[in-house]
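J.: Got a predicted structure plus its sequence, pasted below:
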Amino acid sequence: MAIKRFLKLYVVICMGILCFPLLGVINTTSGAEGTGIELVNLSVDQPLVAVNDVQHDWNSWSSVENASDVNPGSHDILLVSNTAESHAKAGAESASHQTEATGAVATALEDFLELAKYGKAIHVMAMLMVGFGFLMVFVRKYGYGAVTATYIAVSIVIPYYMFLKKMGIFGEPAELKMDRLILAEFCAASILIATGAFLGRLKMSQYIIMALIFVPSYMLNEWIMLDNGMGIIPKGQLIDTGGSIVIHQFGAYFGLGVIVRMTTSEDFNKKIESDKISNQFSMLGSMMLWIFWPSFCAAPAEISRMPIAAVNTILSLCGATLATYIASTMIRKKIAIEDMANATLAGGVVIGSSCAHTTPQASLILGFIAGILSVIGFAIIQPRVQKALKGIDTCGVHNLHGMPGILGGLAAIFIAENVVPGSQIKGVFVTFIVAWITGLAAGTVVSLFGYRKDSYNDAVEFIVEEEHH
Amino acid sequence: MAIKRFLKLYVVICMGILCFPLLGVINTTSGAEGTGIELVNLSVDQPLVAVNDVQHDWNSWSSVENASDVNPGSHDILLVSNTAESHAKAGAESASHQTEATGAVATALEDFLELAKYGKAIHVMAMLMVGFGFLMVFVRKYGYGAVTATYIAVSIVIPYYMFLKKMGIFGEPAELKMDRLILAEFCAASILIATGAFLGRLKMSQYIIMALIFVPSYMLNEWIMLDNGMGIIPKGQLIDTGGSIVIHQFGAYFGLGVIVRMTTSEDFNKKIESDKISNQFSMLGSMMLWIFWPSFCAAPAEISRMPIAAVNTILSLCGATLATYIASTMIRKKIAIEDMANATLAGGVVIGSSCAHTTPQASLILGFIAGILSVIGFAIIQPRVQKALKGIDTCGVHNLHGMPGILGGLAAIFIAENVVPGSQIKGVFVTFIVAWITGLAAGTVVSLFGYRKDSYNDAVEFIVEEEHH
Amino acid sequence: MAIKRFLKLYVVICMGILCFPLLGVINTTSGAEGTGIELVNLSVDQPLVAVNDVQHDWNSWSSVENASDVNPGSHDILLVSNTAESHAKAGAESASHQTEATGAVATALEDFLELAKYGKAIHVMAMLMVGFGFLMVFVRKYGYGAVTATYIAVSIVIPYYMFLKKMGIFGEPAELKMDRLILAEFCAASILIATGAFLGRLKMSQYIIMALIFVPSYMLNEWIMLDNGMGIIPKGQLIDTGGSIVIHQFGAYFGLGVIVRMTTSEDFNKKIESDKISNQFSMLGSMMLWIFWPSFCAAPAEISRMPIAAVNTILSLCGATLATYIASTMIRKKIAIEDMANATLAGGVVIGSSCAHTTPQASLILGFIAGILSVIGFAIIQPRVQKALKGIDTCGVHNLHGMPGILGGLAAIFIAENVVPGSQIKGVFVTFIVAWITGLAAGTVVSLFGYRKDSYNDAVEFIVEEEHH
């Protein structure tokens, strides 16, 4: 009982932290209000005054001291003006013009870099919403629940992650605005992966609690992996551009940890029902993930590596798609549409680590292997894992994100350039431990707030129409 | 009867105007044909000759004298070459090289600026089609009608707006090609918002008439708001980057004006039916709007403000999504999936005005408030509004676009920098008047072309298959 | 029987070729592995060493000697530094700084060019998957088959095309990485168009064989059209930016060739069934194609022409959409939703050739004409064509891609600048011949691997759930 109390307290504290930005904003808005009123009497000839305020305030939201190492090479273009400036000696006047001009160009280029990242951030958002959201709609009993949970989880995680990142609890904040958004989206992707495991056992309000616990857990692991947290992995040594380890493996094993605590014996006896239409929606989600996955992998890469990261991701997905068709036909005799919707994406999961550091050929092969592994997971391994864990993995995240994530993290040793094998192995191992422990803890905490005897049904929490067909 | 005649005449004139580009093109094509035939005898060594012709012709489609003020800062990059040129005195030869080079860079940067805007224009197009289109599919009786109306409305509005803009009737045309397209898309967004109010009362052909009346009405209001039309609001004083007032509020009250004229007593007694699948399609539309809304708000912002406009929009949407879940559960006891599909988007509506001029914290809070307001609208206010207007607001646009639009326009006074409160208040008030009057007029005119006794059903105009389930 | 043997042999050889990259990669990976192991002992201070290796390997995947002529103008920005360099005489030191700086800027601009193309490549991918995939879902009996065939075809074609392009069998490989990807996607678009014709007559495994035959056939025609293959059309003379001829016309007539060989008399007696939901999915696919079509046409255009190509495409689609509504209502009395889903897109098909070389007005009109032509095709011409060919054109590709493709190719003579009429006519004619012959051959070969007596049903190859409604 002491533990229960402690855990409830932890949740309350987490919620308290969430309220900080709300308090902070009161100052800001009242300040802005004052400025607004003063400006009535001013002419509009000084439009730049307020700009600086906003800019300043923006920075205070995430005061930057150092660039995150996620994107170390993206500022090369800024060197242009510096180089020109530092060498300028003769031809002084023309040189100074030049420096000025080039400086302005550098600013424009930096703006474009942000916009290039913005394009990818929106692609990732499409994956989160229509991708993960509709992929989970295949269960016909809680289609509303799946998309609503997606909406809620994303809407908690993004502001919460950005706020915690600004606080600098786990490592230094990212410098570029868009990098911060993309990192927050990656965290949201990871919780949606975890959600695939325990889908159908939480009420909507419990997704809020789950998100509040998930985000610090994820950031802890992210900090260890990428930012030399606890000194385990030297900064920049882990090759994991598109997050095979940090995003997919973490999400999957966190989810498995949760289901150990949150599955009743009734869940085992009820088959998860899908129908033609729910599966077609699931295929839509699958295709949205497939389409935009190259942006998921390319977003954190250096600008000059983005094209190769994207092409490698596409080839890996092609490999996995072919492998899925072949393996599903061979293992099950007939193709399971769930395999086509899920295992095809294992190519994106597996290439995450090495996408920016390997060859197209290796990507194609690695994707092919991941597709086969994933189908074997769905057809053969999943029942055994579920029996061992005494838990139901609703969407089979262990097959799609867990095993392919580990495979991708370790495969980088063989196919990526410049890799430190020890770091990859440590990365996979530590992530497994952290995800498992925090997942178990989260399952315990969330189950304090209500524990379903029978599995979820939209009618529990939604106004459901009678069906007219 | 005199009024009826006058109104019919007005429609005929509008249609006549639409035919102008068709007449204009005959000259152009025959000219191009001539060029084409001559070129058979020429070598292909002079590929630039015709380029200039096309370029010239393009400009004649919208002869540009001045940049629109929608995007005053986007040409800063061009200053690069100008500055360099005007100061060039010594080191003449090298300076001239530099100017030349920088000029070429400036051209390239301008191309990239167009492409960056192009990316956003396509995102907005996705919102118009799959977003608004499928959001309206929730009514199961006229799913075909909803998507077809979307197709027709967009396909009329975009060329018609671009043509009227070129004519320069309401203010000066936009300079950049993409700005013109984006403004046309905004107009299309506004008519789709209005369509949400009167959906199910027009035949497909009436959407064409409606579009012909809507576009000049919208442009009139846009001209007053942004271009000092009639001298009401000084140019550039209204803060309304993402169109809370100009796009959303206008569309909503125009639509409400129409339904006053176009609702029969039968509409009141028939409940609007939806089912699981039609609601799932509606959630798909909702998510498409959510995903791409940041581009909607960022598209008209200056390039350096695009990232903050986008992040603010995302945070506002997050706030509204959480608020919707909470408010829907509290007010209705169970979550209505229609709330999740609609009220979540109030965050995008409300942040439109101030997105590029406020802080992330303020955006989050404002979105939260808008979400609550919108759910209250759907659950409590809508029945009263419908009773008062004696009209049915099919998709509840008053709750999603009307009230949050006004809130957003006025909230800018408190949270945006550099705002002129009087202009915001005038903007909201004038838009209300213009939208209401033109909406009433449009409803009157369109009802002359046919008036439905019973509400729409796909079988009226579509070949509908028997359902096989 | 000799022919059958020969054809089977051909397929085996094609499959063998497909395996080459797999063999090639073994060398690469083992090499990379070696590097990886050595690097354990190295410090991470030399991160650029491996970068070069990857870069080198990438180039070996498609050794570049010359830029493809698809995108002749895209490197103008590189001229910046060259010009500066070649003129540099006086003001030596400052000039050299300038050259250096501008060179770095040029590199950055080149990166951005790749990213701009990347954005379009992803849009095209969305068209391939959700667009073509879901457009074909309208047949309710094989919805799973349609999306799975899409997945399989795309996943074969993209790596296979990229590999053959690297081999340089048909013309020189494209220089830019993204150009190569976009060309591969265009090939995938073409096979999906062809698939529309024979959908419902192939098993999934036969799509693999079909893809293996299609890609070299498509590349042969592409080589003749764009790369002076066989000396028929001088390089660069055919105006076909968005592929009215090379992509759409080819795909359509290839597909018609196949169905001549692969239709049984039973197919004629069975009506293709659709229902409300399958048609709604089809409208979703249609809208995804509409939205992203501007990127399809703009992707291969020069950077400065991309905006006008995109706007022209949008206007052509608007024209076709209006024409479809009008023509469908007039010809059929009631609107067929299949017309709205398909004929609206004829605007995109028809503008492909001239999109970057014509005026907005001409685009609007041409789209309008194409929409009418396409509806006439669906309503009147298709039954006659099917009778003549003794084949069923499942999705009506002759109406959407065949006739509008030819119209677009020839219309360029009248509306595009700088066009050589003879080349356009030769292009249309040769493409017709090549597509027809290779299509007939492909139909013959594929039918050796199994020939369906009755039309396809998902239950043949998929695990299909009982329907619960």
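T.: Nice, thanks for sending it over.
J.: Point out the other helices and strands that the helix or strand containing A:Leu440 packs with.
T.: A:Leu440 is part of helix A:421-448, with elements assigned from DSSP states H and E. With contacts taken as 3 or more Cβ pairs under 8 Å, 6 or more residues apart in numbering or on different chains; DSSP states H and E, helix A:421-448 sits against helix A:2-40, helix A:204-226, helix A:250-262, helix A:403-415, helix C:2-41. Just so you know, the C-beta spots here come from the backbone N, C-alpha and C atoms, and that holds for glycine as well.
J.: Now do the contacts for A:Leu322.
T.: A:368, A:371, C:152, C:155-156, C:208 (Cβ atoms under 8 Å, 6 or more residues apart in numbering or on different chains).
J.: After the helix or strand that contains A:Gly103, which helix or strand is next? Please name it.
T.: Assigned by DSSP H and E, A:Gly103 falls within helix A:92-126. Tracing the chain C-terminally past helix A:92-126 and defining elements by DSSP H and E, one meets helix A:134-135 next.
J.: what residues does that following helix touch?
T.: Here helix A:134-135 makes contact (Cβ under 8 Å, 6+ apart) with A:147, A:196, A:281-282, A:284-286, A:288-289, A:341-342, A:395, B:284.
J.: Report the buried members of these.
T.: A:147, A:196, A:281-282, A:284-286, A:288-289, A:341-342, A:395, B:284 (16 or more other Cβ atoms under 10 Å in any protein chain shown).
J.: ok, which stretches of the stretch 251-400 of chain A are helices?
T.: A:265-269, A:276-298, A:306-332, A:337-342, A:346-351, A:360-376, A:382-389, A:397 (DSSP state H, counting those that start in this stretch).
J.: Out of those, which gets the lowest mean score?
T.: Comparing mean pLDDT across the helices of the stretch 251-400 of chain A, the weakest is helix A:265-269, with a mean of 75.
J.: Pull out the buried positions in that helix.
T.: For helix A:265-269, by 16+ other Cβ under 10 Å, it's A:Asp267.
J.: now do stretch A:387-405
T.: Those would be A:389, A:391-405, for stretch A:387-405 by 16+ other Cβ under 10 Å.
J.: Same check on stretch A:234-254?
T.: Judged by neighbour count (16+ other Cβ under 10 Å), stretch A:234-254 contains these buried residues: A:236-254.
J.: Could you do stretch A:333-348 as well?
T.: For stretch A:333-348, by 16+ other Cβ under 10 Å, it's A:335-348.
J.: count of neighbours near A:Phe132?
T.: 26 (other Cβ atoms under 10 Å in any protein chain shown).
J.: residues contacting the residue nearest the centre of chain A?
T.: Nearest to the mean C-alpha position of chain A, by Cα atoms, centre = their mean, lies A:Phe186 at 2.0 Å. Applying Cβ under 8 Å, 6+ apart, we find A:Phe186 in contact with A:124, A:243, A:246-247.
J.: From the residues you listed, pick the one nearest A:Thr263.
T.: Distance to A:Thr263 across those (Cβ to Cβ) is lowest for A:Ile247, with 24.3 Å.
J.: Hmm, A:Ala189 and the closest one touching each other?
T.: Yes - A:Ile247 is within contact range of A:Ala189, at 5.7 Å (criterion: Cβ atoms under 8 Å).
J.: And A:Val157, how far from A:Met219?
T.: A:Val157 is 11 Å from A:Met219, where distance means Cβ to Cβ, to the nearest Å.
J.: which residues are common contacts for those two?
T.: Common neighbours of A:Val157 and A:Met219 (Cβ under 8 Å, 6+ apart) are A:Cys187.
J.: For the two, indicate the residue with more neighbours.
T.: A:Val157 (26 against 21).
J.: Without its sequence neighbours, what residue ends up closest to the more buried one?
T.: Once flanking residues are discounted, A:Val157 sits nearest to A:Ala188: 4.3 Å by Cβ to Cβ, 6 or more residues apart in numbering or on different chains.
J.: ok now do the one you found, which residues does it touch?
T.: A:128, A:153-154, A:157-158, A:161.
J.: just to revisit the earlier point, redo the buried ones among the contacts of helix A:134-135 as CSV? Include distance to B:Val428.
T.: Listed next are the buried ones among the contacts of helix A:134-135 as CSV, based on distance: Cβ to Cβ, whole Å:
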residue, distance to B:Val428
A:Val147, 34
A:Gly196, 45
A:Phe281, 40
A:Ser282, 44
A:Leu284, 39
A:Gly285, 40
A:Ser286, 44
A:Met288, 37
A:Leu289, 41
A:Ala341, 47
A:Asn342, 49
A:Cys395, 46
B:Leu284, 32
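J.: Report whether the expected contact of A:Gly119 with C:Ala116 is present.
T.: No - counting by Cβ under 8 Å, A:Gly119 does not reach C:Ala116; the two are 9.4 Å apart.
J.: so is A:Pro234 in a helix, a strand, or just coil?
T.: Under the three-state scheme (DSSP: H, G, I helix; E, B strand; the rest coil), A:Pro234 adopts coil.
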